[in-house]
Every structure is written in C-alpha cells, then in structure tokens.
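In: Curious how this folds, go ahead:
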Amino acid sequence: MSKISIIKSSLFILLAASSALSQQAEFHYNINPFPVRNATGMASAQPFLGGFNRPHPQFADFDSDGDLDLFVQEASNDIIFIENTGSLTAPQFEWRSAQFQNLSVGAWFKMADLDADGDPDLYCESPAGMIRIYRNDGAQFVLAADSLRDDAGNLILTEVPSIPEMADIDCDGDLDLFLTTAAGLVVFYRNTAPNGSDLPVFTFITDQFEDIRFVEGGKRAQPPATGNVSRHGSSTVAVVDIDHDGDSDMFWGEFFNRGLRFLKNSGDCSDPQIALTADTYPPQNTLLTGGFNTPQFVDFDGNGTLDLFAGALGGAFNLPIDAVENFYFYRNHGSPEQPDFALESLRFIDMPDVGKNSMLAAADIDDDGDLDLFVSNEADSANNSSGNGKVYFYENTGTATAPDFMLKNTDFLDADIGFSPAPAFVDIDDDGDLDVFAGEFFGSLNFFRNIGNAQAPQLQLEASKFGNIDVGNNSLPTFADIDADGDFDLFVGDFLGNIEFYRNDGTAGNARFVLDTTRYFGISVTSHAAPAFADADGDGDLDLYVGSGDGALHFYRNDGSKDQANFVQDTELELAMLPRNTPVLADFDGDGDADIMAGNARGGLTYFENLAVSTSILEQKSVPGDFMLEQNYPNPFNPTTVINYQLQRISNVELTIFNPIGQRVATLIEAVKSAGQHKVTWYGRDDQNRPVASGVYLYRLRVGKAVQVRKMLLMR
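Out: Okay, here's the model as predicted:
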C-alpha cells in the first residue's frame, strides 16, 4: 500500500501513537473555531450552532442594556440564548448558551413583563399542558408558579403544542391571557390582579373570544349547532397594536394555515371588535411556509415601528425547504400607523444548514494537505418532490492549521441515489486517490470510483448496491484497518442502532468485504448508529465512537491491540450532542489531536475541540529558561481569569489574546517588566472593551524573540 493511500484513506483520523497523545481527550463545544462561508464568501457568526428545523424565536432585553437579545427554542425543554452584544440600532448577535440557565421549558415558552417591573419574565409549558412562570430576578429566572391557576383555583391548561399569548387587551396596564384551541377558538382570561401584584391573577371570561373560530380555508364562522367541530391542531396568536390606534389587533398562526391571518380591532380598549381582515400577511412578500408560524412583533431597530419575526414550526404541508428557511425577518419601512413590511431574511441566524439530518465526512479531496468538508442531507430542500438527498462540498481554502471552509458545490456526487446519502471517503483501490461510498435510506451502499486523480477527482457511480450489502435502513459507512493487515475494513451503522462489520478478505488494491457480524462487539445504541474511529488515548490502536439517534456520543475504548481489537464502553469520554449525531474525528485545527465535528437531525454542524491533548502539545514546545507562562485560573472561566508568568531577568514583554483562527482579540501587556513573578487579569473583553463570545482562546507571552502559548476556555 502506498504512503499517500494510507494518509488519505484514513481521512487523517488514524492518528499515530506519540507522546503528544499520551493523555485522554477532553472535548469542549466551540461555536466559532474557524470560518465557514456560504457560496458568496460570507462567513457565519455561529457556524456550529447546529442548524434549525423549527425555531420558535423570542426577542427581549434580558440584560437591561437597551437592546434586544434573542432566545430560540428548537426542541422541547431547551432555550438557546444568543446575546446582542451590539446596540438597538446596530445589533450584533453572539451565541452564549445551548441551554439557557438550565431551564426546562416544555414544548413552548414566551417572554413578557408579568410583574410590571420593567424586565421580561418567562412563562412556558409545564407537564400535561399546564403553565409555569419564572420571574426575572436580576437577570436570573426564578420559579414563581409551577402551575398557573385562575382566581377560582382551577388549573389553566393549554392544548400542547399550541402557544398562549399574554397581552393587555383592555389597556388597564396588566397582561391578559389568550389560549388557542384545536377547534380554532380563542379562550380568554382577564387579568384581575390588584395593583402592585407580583403575578397576574386570571379570571375566566369566555371560551370563544370575539366569536372567533377558524375553519379550513381561513373563514370565520359561528360554532355549528351539532358537536361536529373541525379540529385544527396547533396554533398561536400574537396580540399587538399594529396600526398604532391605541387598541390591540391579533395575528393567528396555525398548523393548517401556511401564513399568518390578520384580525383588525375596529373597536377600542373597553369594547374590542376583532374580525378577520386578511387571510395572509404581510400584504406584500406574504409569509408562506408549510404551516404553524409563530409571529412576534418588536421594534428591532429602534426606529419606533414594529418589525416582524416568525418561526416556521412546520405544519400540515411539511415543505422540505422549511427545514432551512424557517426564521423570517420582515423589516418595517413604513410608519407606526401604516406599516410596510419588506422581507429581509429567510434565515435570520445564518449558519451552515442543509435541512434535516445532516451527515458529515471530511477528506483531503484535492490533495492540498488540508481537510475539506462534505455535508449531506435527508432530502433536497430546494425540491419538494425530490426523493434524493444532496452532498454539499465545502472546500478548505485555508490551511491545515487555520482552516477556512467555503461552500463550492451543493450536489457534489451529482447522482440521484435516494434519501439520506451518507458519504465515506477511502482509497479502496490503492491508486493514490479517494473513492466514495455513500450509504442511503434503504440500507445499501453506492460506490463511486475516482477515475480522475488525487488533485482533480472525477467520481463515477459504479455500483448502486455495492456487494449486495443491505443493513435495512439508513446505512452510515466508515472504514478502518481494524486488524492492521494493510487494507481497510468496512463498518456500517444502521437505523436500529447496530454496527455491521465487514472484514476485508482481499487486499489494499482489490477489496473483498465479507460479513463478520451484524452487531459488532454487541454494540447497540438507541437508533441511527454512526461509527467513527480514532486513537483517543494514544496507545497506538483505534478506539471507537458511535453517534446515536438520542444525541449521545458513545465511546468504546480498545483494550486489545492494533491487530486484535477489544472494545469496552467507557462512559467518561461520552458526550451529550444533538439527536442523530454523525461524528467525524479528525485534526481539524492542525494541533496534532483529534477533534470532533458532527452533523445532526437539525441539519447543521457542531464542533468539539480537543483541549486536553492540544494543551499538552502546546506545553511540549521548547520553552526558554528565562521565562515561564503558567496555565490561567480558573479555567474554564466566566468572565474573569488570572494569568501568571515568571521572568528570570528584566525583559521586554508582550502578552496577547487571540481567537482560534489567529485574530488578535486583546493586548494585555506591552511593556518592560522586572524579574520575578507577575500576574494579570483578563476580563473577557477585547481591545474595544467589548465582551467576547464563549469559546477557546489562545494567550501568547512573547519575551524578546521567544514565545510560549497556552489555551483557555471562556464559558458564559
């Protein structure tokens, strides 16, 4: 087997044993370790946020700094927090947390000032459709009511996942409550709490507010004389004074409606008269998705007019494009009295997102010494009738140590091979270039031979059911020389969570795969097994990571040898990731250890940098005897940390903070310092005194011409 074949086929993940890998891996989530760009060259600010399939956004000034921060619920229980580190008129959003304050918010959440103290509180779904309230106590949400009840002591229940609204419909200075039902009705509770009350007190008024009832086609009708009521599933309303006439209007999003309905209030605060005015909204650039759109109107840009945001939660029409274009932003270019909405973005938080169920591979496809990215999806989001997924190609236009990925092709394989193509790159014929195997929804493998060369690949579909291999559903292949005989063996994860192992009984240039077992080492995860190999502990043999449908990344340590593996589960190195994670272990940042990048059910990417090993490598650099840079403490930290260093003699010193792609963040010291012990505190801010985002940072001490570098982790 040729040297170039070994390097490429292993996708840079069969890491050689060395002293640099002598300690156990330590993975930390990093939202923006290096640029990932779209086809126009625009880099995402949150490239490894993971994608959105059904975002429910809420804007609120959580930190009372005068601008609107962003909270997004993508799945039950968890809230993603993205802070506005800019201003109201020039917003700039930076990811802060994947599980805001560890709150469990059920199937939905909303924010409103429930106690009239000037800051946003939170209400959300409690089990079985109850409503839970968290009071904002100095930027910390504290549970105030686990189950909301009316003034008669009755539980107030919602029809999950319909989302209620709190708004001041009667203009008395407190928030009333609106619930929507599957029958297309609005249930109304008036807030009758006395002035100065900590929490609202709701009194039931009617189960058919303003005689509103929506039936199929968007018409308003009275309830039928019989009990035969059409059910309409999930819905939500937004109550807001959109025409600035002093009373509140209503907007309705519903499972069976692809847009928003507008109900104008032609009455007043004491006698609202709300009726259907338009079946679609806004009038121009109408919102049109697969259904169940959740609107929020806020003055996003501080110009005194209400702008519109809407999350597409996915309704009856189930459009594949909704898995990509689902966070709508309409800017209001009109006046408070006459709004004029222009669609500005279909994806307000832009990031790599290929739709549903992204699957990932990494390979040096162009033989330039760095890793390129390949991201596939379940189905072509741009074609509603297509039965085929696509493979997106992101070329690394940077280097092996400073990657910079740019989208170059949205159909890399250029072949219709069905749903969920899962690519794996390997030089299966030992000719010095990379071939491709692609799993698919029905469990077989497609084989693409590279009839070009290492620098200019040309892939040709040679077999759609390679070797008659069929694992049932959702085949996820990977290759590794597990028996150290010089050729690559085949491992295929399946829908049930098992791994089928096919031993290569042929040669490096003429593979012959023979089924060894349908359940490799008895390993079975919840579903959608995604195997990946790397030498995680630096002992010279391959360990096994397995992604799963429930979001856990399982680790199996090889307690055997290079030629006779024995995998034993080790829970200490397991990670909590997103559902249906498809991991790739590779040295993405060129520091000599295996990091983790993964696809997931939401269609985006996540990245976990290996800090323990890379820190070890940094420490192994030659250090001059006349100075020493110590590890910061605490580490991880939020928001301050202390850096100590020692000098043997008076020296010209520069201490600088960099982000992971080498951009200078802050200069802490640039001066002549005396011999002895020195200490400096970093407050997590850049040279412009702006707080920096969570993530990994490098701090470099330069003494004369010598330098030493260490890593630290900021976790806000």
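In: just checking, Thr206 touches Arg190?
Out: No. Using CB atoms under 8 Å, Thr206 is not in contact with Arg190, being 9.6 Å away. All C-beta atoms are positioned from the backbone trio N, CA, C, and that covers glycine.
In: Who has more neighbours out of the two?
Out: Arg190 (19 against 13; other CB atoms under 10 Å).
In: CA atoms of the host helix or strand of that one as CSV?
Out: Assessed by DSSP states H and E, Arg190 sits inside strand 186-191. Presented in CSV, the C-alpha positions along strand 186-191 are these (Å, rounded to 0.1, in the frame of the first residue of the first chain):
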residue,chain,number,x,y,z
VAL,A,186,-59.6,31.6,21.4
VAL,A,187,-60.1,31.2,25.2
PHE,A,188,-59.9,34.5,27.1
TYR,A,189,-58.9,35.1,30.7
ARG,A,190,-58.9,38.7,32.1
ASN,A,191,-56.1,39.7,34.5
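In: which neighbours does it have in its sheet, and in what orientation?
Out: strand 176-180 (antiparallel), strand 202-206 (antiparallel) (DSSP bridges).
In: just how off-centre is it within its chain?
Out: Centroid separation for strand 186-191 versus its chain: 36 Å, with CA atoms, centre = their mean, to the nearest Å.
In: So what touches it?
Out: 150, 156, 169-170, 172, 174-181, 200-210, 212, 237 (CB atoms under 8 Å, 6 or more residues apart in numbering).
In: repeat for stretch 410-422
Out: With contact meaning CB under 8 Å, 6+ apart, stretch 410-422 is reached by 39, 357, 359, 361, 374, 376-379, 387-393, 423, 436, 438-442, 446, 448, 459, 461, 464, 474-477, 582.
In: Among these, name the ones in strands.
Out: 359, 361, 374, 376, 391-393, 423, 436, 438-439, 446, 448, 459, 461, 476-477, 582 (DSSP state E).
In: circling back to that earlier point, quick check: buried residues in the strand holding Arg190?
Out: For strand 186-191, the neighbour count (16 or more other CB atoms under 10 Å) marks 186-191 as buried.
In: Of the residues you listed, which is the nearest to Phe255?
Out: The closest of these to Phe255 turns out to be Val186 (CB to CB; 15.4 Å).
In: nearest spatial neighbour of Ala128, skipping sequence neighbours?
Out: Using CB to CB, 6 or more residues apart in numbering and skipping the chain neighbours, the partner closest in space to Ala128 is Leu157 (7.5 Å).
In: Count the neighbours of the one you found for me.
Out: 15.
In: what do you get for Thr192?
Out: 16.
In: Which residue, other than its chain neighbours, is closest to it?
Out: With sequence-adjacent residues excluded and distances taken as CB to CB, 6+ apart, Thr192 is closest to Thr203, at 4.6 Å.
In: And for Lys264?
Out: Per CB to CB, 6+ apart, closest to Lys264 is Thr277, 4.2 Å.
In: what angle sits between whatever helix or strand that neighbour lives in and strand 186-191?
Out: Take DSSP H and E as the rule and Thr277 turns out to sit in strand 274-278. Here strand 274-278 runs at an angle of 130 degrees relative to strand 186-191 (axes from the mean of the first three to the mean of the last three CA atoms, to 10 degrees).
In: Report the strands that pair with the helix or strand following strand 274-278, each with its relative direction.
Out: Per DSSP H and E, the first helix or strand lying C-terminal to strand 274-278 is strand 293-298. Strand pairing for strand 293-298, using DSSP bridges, gives strand 307-312 (antiparallel).
In: what sits up against the partner strand?
Out: Contacts for strand 307-312 (CB under 8 Å, 6+ apart): 54-57, 59, 72, 253, 260, 282, 287, 289-301, 322, 325-332, 341, 348.
In: Repeat that for stretch 634-645.
Out: With CB under 8 Å, 6+ apart, stretch 634-645 has contacts from 28, 627-630, 632-633, 653, 655, 668, 677-684, 691, 699, 701, 712-716.
In: Now the buried members of the residues you listed.
Out: 28, 627-629, 632, 653, 655, 668, 678, 682, 684, 691, 699, 701, 712-714, 716.
In: What is the neighbour count of Phe513?
Out: Quick note: Phe513 (other CB under 10 Å) scores 20 neighbours.
In: Please name the bridge partners of it.
Out: Asn504.
In: going forward can the numbers begin at 53, since that is how I track them
Out: Sure, I'll start counting at 53 from here, so that last one is Phe565.
In: Please produce a PyMOL select command covering the buried subset of the contacts of strand 359-364.
Out: In PyMOL syntax, the buried subset of the contacts of strand 359-364 is picked out as below (16+ other CB under 10 Å):
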select buried, resi 106+107+108+109+111+124+305+312+334+339+341+342+343+344+345+346+347+348+349+350+352+374+377+378+379+380+381+382+383+384+393+400
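In: model confidence over stretch 550-570, on average?
Out: Taken as a whole, stretch 550-570 carries a mean pLDDT of 96.
In: which sections of the protein are below the confidence cut-off?
Out: By pLDDT under 70, the weakly predicted segments of the chain are 53-76, 267-285, 436-438, 664-677, 712-714.
In: tell me how far the helix or strand that contains Pro109 is from the chain's mean position?
Out: Assessed by DSSP H and E, Pro109 sits inside strand 108-112. On the basis of CA atoms, centre = their mean, strand 108-112 sits 16 Å off its chain's mean C-alpha point.
In: For the residue nearest to Lys316, grab the count of nearby residues.
Out: 14.
In: again with Asn618
Out: Applying other CB under 10 Å, I find that Asn618 has 12 neighbouring residues.
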